[in-house]
Each structure stands twice: as C-alpha cells, then as structure tokens.
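**Student:** My questions concern the predicted model and sequence given below.
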There are 2 protein chains.
Amino acid sequence: MRDITQLRPKEIRSFIRKGKWDEPTAGLAMGYAQANLVILPEKYAFDFLLFCQRNPKPCPLLEVLEPGKFQTEFLSHDADIRTDIPRYNVYRRGRLESTVKEIRDMWKFDWVTFLLGCSFSFEEALMRAKIPVRHIEENKNVPMFITNISCKSAGVFHGPMVVTMRPISPDKVSRAVQITSRYVSVHGAPVHIGDPLKIGIKDLKKPNFGDPVTVKKDEVPVFWACGVTPQAVVMKAKPDLCITHTPGHMFISDLLNEELAHF
Amino acid sequence: MRDITQLRPKEIRSFIRKGKWDEPTAGLAMGYAQANLVILPEKYAFDFLLFCQRNPKPCPLLEVLEPGKFQTEFLSHDADIRTDIPRYNVYRRGRLESTVKEIRDMWKFDWVTFLLGCSFSFEEALMRAKIPVRHIEENKNVPMFITNISCKSAGVFHGPMVVTMRPISPDKVSRAVQITSRYVSVHGAPVHIGDPLKIGIKDLKKPNFGDPVTVKKDEVPVFWACGVTPQAVVMKAKPDLCITHTPGHMFISDLLNEELAHF
C-alpha cells in the first residue's frame, strides 16, 4: 500500500470501502473537508434537521440525504455512506451497541444521513496563517468541554453546547476570529473568548472529552462550538437507533476546505 | 393612528393583528428584518426544510417552527404567525384559493411555519453605503427573472432559481458584493454578475415578475437569489395546502438587520 497520506479522497475512500483502512482520518487528504456522520431513522429526521438549523455553530450541516439514500451528491459523487467511513458506532436507545467497519448489511430504507462539518478544516487554515494549534503541536486530541450554554431545542433534541478550546496568544486572537469566521460550515467563529467560568468551565486542565493541553501564562483560551454537541444531544434523546462515525474516523469528502469557505 | 413608519415592530404587529393595517410592509420598521412566510402541512415539512438546507441563497431560513406552533421565538417573542402578517395567500394544490387577513380560524395542529430572509435587509445596507438601488429610486417593484440555474431538488420540491436584478455601476460592483456577502441569511452575495443570457435571461426589460427598471449604458446587471424561488417551487409541487404572505406583505421581526449580518 502506498503512503495513504499522499492519496486523494477517492482513493482513500476506496481503501476504506475494501476494509483496508480503519484508523483515524486526521492527517489524511490534507486540504479536503472531512465530515461527522449521524444516521437516524426518518421519524427523528425533521427534529434533528430543525435542531441543526437552530444551532448552526455546533451543527454545521454539509449534506443531508433523503430517507434511504446512501450516496452523497454534494460532498462526493461516488461515495457510499454504508462503507466509506473507517469505523461506525451503532447506538440503540442511546447506548453503544457495537463498533463496525461497515453498515451495508444492516441498512434500512428509512434511515436519514446527516453529514456535518468538522474543525479539521479551520485548523488547517489557522496553521497556514502561522497560528499554532496547541493540541496538534502536542500531538493530543483537542480538549472538549460541556458548557452552560443551552442549545436551542427542537422536538426531542435538547442539551448543552460542547466546545473545543485552543489557547491563542493575545496578538493572534483577532486573526484567529477572522480566519475561522470564513469557515461557517465547519463551526465558524469562536462562541466565547476568555474566562472559561463564564460558560461553566471550572478547570481547563480537566476537559470532559479529549486531552488537556498546555495553556501558557499570557494566552487566551478561545472556544469554538464542537461537533460532539449533536452526538451528545442525540444520545440524550435515546432514539431507537443512531449510527455515527467512531470519533476521529471521519468521512473524507471531495470538497476542498476552501470551497466551503465564506468570502 | 400615528404615522406607522415611525412605529416599532411590536406596535406595527399589534396594528396588523387588530386588522388595522393590511398594506405592504416596505418602508416600515426600517432597520428591522422582514421575513417571507411559507406554511405547509407536516408531511411536506422535512422535504421543504431539506430544500432550504440545500439552497440557502434563494431559501435563507430565519426561523422554522415545530408542527402546530404559531408563536415565533427567534424573530420575536410575542408574535402570532396566524394574525401578525397583513395579508395571507391560501393555496390548495398549487392554486390560489383566497387572500385573507388572518388564518387563526383555519389553523391546523400539523402546520409547519417557515420564515425566510428577504432582500429588504441588504438593500438597506447597500443604500447606507451610497450604492443606489434602482427600483427603489424609480419607485417600482424589483425585477425578478426565472433563470436556467436549477435548484438542488429535495423530495417533492424542485425547480429553477428565481433571481432579482439590480444594475450597479462598475466601480461599485465589488463593494456591492462585499456588503451583501455579510447578509448570508437574507440571500447573501450575488449568484451571477454580468451577461444575463448565461443564466437564461433573454431580455432585462421583460422580467417574469415585478417591474422593468432602467439599466444605464455602463452599468452591470447584478443578480441575487430571490425569495420567490421557494414559493414557485412549492406551487409546482402542488401540496394539499400552502399558505404564504401575500407578496410585499411581510412578517416584521424584532431583529435588526445588523443582528443577522455576518462579520
């Protein structure tokens, strides 16, 4: 196998489809947008779509497929949602039932697929502008925190916003806002800058998910809405069934991050 | 009655609710966002929400209410969708059945309300930047054209994009793009600049809706996605029932246009 980091999205998806790659996708297909996956039975689809419409920062929709459809049109012309993601988590009534490498055999005619933007896209833009991204420097997972910010509820879906934190040097905070503002479809501008307590975060060293990272003395903690929010909200609603990508094992699209960027 | 143009949105809605105002809303509550209305029975709601998600420029969703709900939360805290719009068009199977001043008595438990952004918001921003808006100067309706640009279809909804045209002087086109780009939730940046034929428009003097306006020799025709698009698409799908605002008779929100603007 050639070095997978050098392959194009279509080739990587083909490897994944054949079961030859089931690892995390960070660092693959640099420049291309990766997406979070949520699959729900049709009876929950309107509520979830409405939840995303009302909470675009944590839930930036990239593509939604009609009930039963498993081929994307916007993010790629030849992707199959049932096989082209390295690992899937299958949840029943909010509890993880299994982690699998494909869901072709279990696919149902009424399943609705949601693909949501992921912060990989804007992190690449930050680094291109020489704004260091700490957890990448320290080779860790981004620290994630459950906040006291309520999402706007929709039907059965409600819950707090989850955020990621990146410490930024004071002279670069403004630029970080400008850059990420362009990436509306991948969480966009920060939701909070500064005092973590104001959004209910007591200790930056104790993230709810991911790893703690170094925050230097003069740095400002900057918080972005996180794609874990919709997953947490869905689990809380305990739907009969929900399938997501396994964290870190994303859908790799054919769209460049730049194609998703606002002006 | 005091001069209605001096009143605040809440007061204007109260006049409308009492049946004391059933005229167009252009020029009222300057600075505040006005919205297009589409009401559909629940069975069409997912498809229409999906259509809007896939076509955000012609269909910029400002607020969607759960089935049966008639009070807004985001655009206003005290508005009643059944009474607070000056005039409603009631369509059955795509045909206009009646134009009424309120829909309280006919309201059904499964109706879903969609409120979409309107170009009034960005026109105000253009004029503030001294970019003349021709149809306003000439006291006409904006010229609207059916294009050869296909919207992305969703379920039962499909059809061409309808655009508005504003002629802009060459030195101001760039600024007009910049300004309207900020207003993502009210159609955003132009979809086409220049040659009308490229998007299937044969004669700028013969709009499909609205009035023709003067295009001066050196001016560039600039085209923005238009809120008539979703209405045309819905009519084409011939749903059992659909209620919209009567053209020009919009919902007046409590949100400032600036609150809807992107960075």
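**Tutor:** Structure received.
**Student:** what about the closest residue to A:Met106 other than its chain neighbours, which SS state?
**Tutor:** Among residues not flanking A:Met106 along the chain, A:Val90 sits closest, at 7.7 Å (C-beta to C-beta, 6 or more residues apart in numbering or on different chains). Every residue, glycine included, has its C-beta placed from N, CA and C. Three-state call for A:Val90 (DSSP: H, G, I helix; E, B strand; the rest coil): strand.
**Student:** Show me what A:Val90 bridges to in the sheet.
**Tutor:** Beta-bridge partners recorded for A:Val90 (DSSP bridges): A:Ser98, A:Ile243.
**Student:** Retrieve the pLDDT associated with it.
**Tutor:** A:Val90 carries a pLDDT value of 97.
**Student:** and if you look at A:Arg2?
**Tutor:** Per-residue confidence at A:Arg2 stands at 65 (pLDDT).
**Student:** Over to A:Ala261?
**Tutor:** For A:Ala261, pLDDT reads 84.
**Student:** Number of residues surrounding it?
**Tutor:** When neighbours are counted by other C-beta atoms under 10 Å in any protein chain shown, A:Ala261 registers 18.
**Student:** got the contact list for it?
**Tutor:** A:Ala125, A:Arg182, A:Tyr183 (C-beta atoms under 8 Å, 6 or more residues apart in numbering or on different chains).
**Student:** I'd guessed the first one sits against A:Tyr183; true?
**Tutor:** Yes: using C-beta atoms under 8 Å, A:Ala125 and A:Tyr183 qualify as a contacting pair, with a distance of 6.5 Å.
**Student:** More neighbours: these two, which one.
**Tutor:** A:Tyr183 (26 against 18).
**Student:** which residue sits closest to the more buried one in space, ignoring its chain neighbours?
**Tutor:** A:Tyr183 sits nearest to A:Phe122 (C-beta to C-beta, 6+ apart), 4.3 Å away.
**Student:** Next one: the residue nearest to A:Met106 from A:Trp107, what distance?
**Tutor:** Distance, A:Val90 to A:Trp107, by C-beta to C-beta, to the nearest Å: 12 Å.
**Student:** what's next to the host helix or strand of A:Lys172, contact-wise?
**Tutor:** If you go by DSSP states H and E, A:Lys172 is part of helix A:170-181. Residues from elsewhere that reach helix A:170-181 (C-beta under 8 Å, 6+ apart): A:122, A:125-126, A:129, A:131, A:166, A:168, A:187-190, A:193, A:218-220, A:222, A:224, A:262, B:262-263.
**Student:** now do 6 Å
**Tutor:** Residues from elsewhere that reach helix A:170-181 (C-beta atoms under 6 Å, 6 or more residues apart in numbering or on different chains): A:Phe122, A:Ala125, A:Leu126, A:Ala129, A:Ile131, A:Ile168, A:Ala189, A:Val220, B:Phe263.
**Student:** Switch these over to TSV; also include secondary structure and distance to B:His245.
**Tutor:** Listed next are those as TSV, based on DSSP: H, G, I helix; E, B strand; the rest coil; distance: C-beta to C-beta, whole Å:
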residue	secondary structure	distance to B:His245
A:Phe122	helix	37
A:Ala125	helix	40
A:Leu126	helix	43
A:Ala129	coil	44
A:Ile131	coil	45
A:Ile168	strand	45
A:Ala189	coil	32
A:Val220	strand	45
B:Phe263	coil	30
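**Student:** Can you select the buried ones among those residues for me in ChimeraX?
**Tutor:** Here is the ChimeraX command that selects the buried residues among these (16 or more other C-beta atoms under 10 Å in any protein chain shown):
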select /A:122,125,126,131,168,189,220
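**Student:** Using a markdown table, lay out the contacts of helix A:170-181 together with distance to B:Gly27.
**Tutor:** Formatted as a markdown table, the contacts of helix A:170-181 follow (distance: C-beta to C-beta, whole Å):
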| residue | distance to B:Gly27 |
| --- | --- |
| A:Phe122 | 40 |
| A:Ala125 | 42 |
| A:Leu126 | 44 |
| A:Ala129 | 44 |
| A:Ile131 | 45 |
| A:Ile168 | 45 |
| A:Ala189 | 33 |
| A:Val220 | 44 |
| B:Phe263 | 28 |
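**Student:** one step back: in terms of contact, does the residue nearest to A:Met106 touch A:Leu96 like I think?
**Tutor:** No: checked against C-beta atoms under 6 Å, the pair A:Val90 and A:Leu96 is beyond contact range at 7.4 Å.
**Student:** Tell me what A:His192 is bridged to.
**Tutor:** So, taking DSSP bridges as the rule, A:His192 has A:Phe223 as bridge partners.
**Student:** And the pLDDT for it?
**Tutor:** Looking at A:His192, its pLDDT reads 97.
**Student:** Let me know how buried it is, in neighbour terms.
**Tutor:** Neighbour count for A:His192, taken as other C-beta under 10 Å: 19.
**Student:** Pull up the gap between it and A:Ala29, please.
**Tutor:** Computed as C-beta to C-beta, the A:His192 to A:Ala29 distance reads 30 Å.
**Student:** How about A:Glu102?
**Tutor:** 20 Å.
**Student:** contacting residues around stretch A:104-122?
**Tutor:** Applying C-beta under 6 Å, 6+ apart, the contact partners of stretch A:104-122 are A:33-36, A:38-42, A:45, A:59-60, A:62-65, A:67-68, A:81-83, A:180, A:183, A:185-187, A:227, A:250, A:257.
**Student:** For the nearest residue to A:Met144 once chain neighbours are set aside, give me phi and psi.
**Tutor:** Using C-beta to C-beta, 6+ apart and skipping residues adjacent in sequence, the residue nearest A:Met144 is A:Phe209, 4.0 Å away. Main-chain torsions, A:Phe209, degrees, to the nearest 10: phi -140, psi 160.
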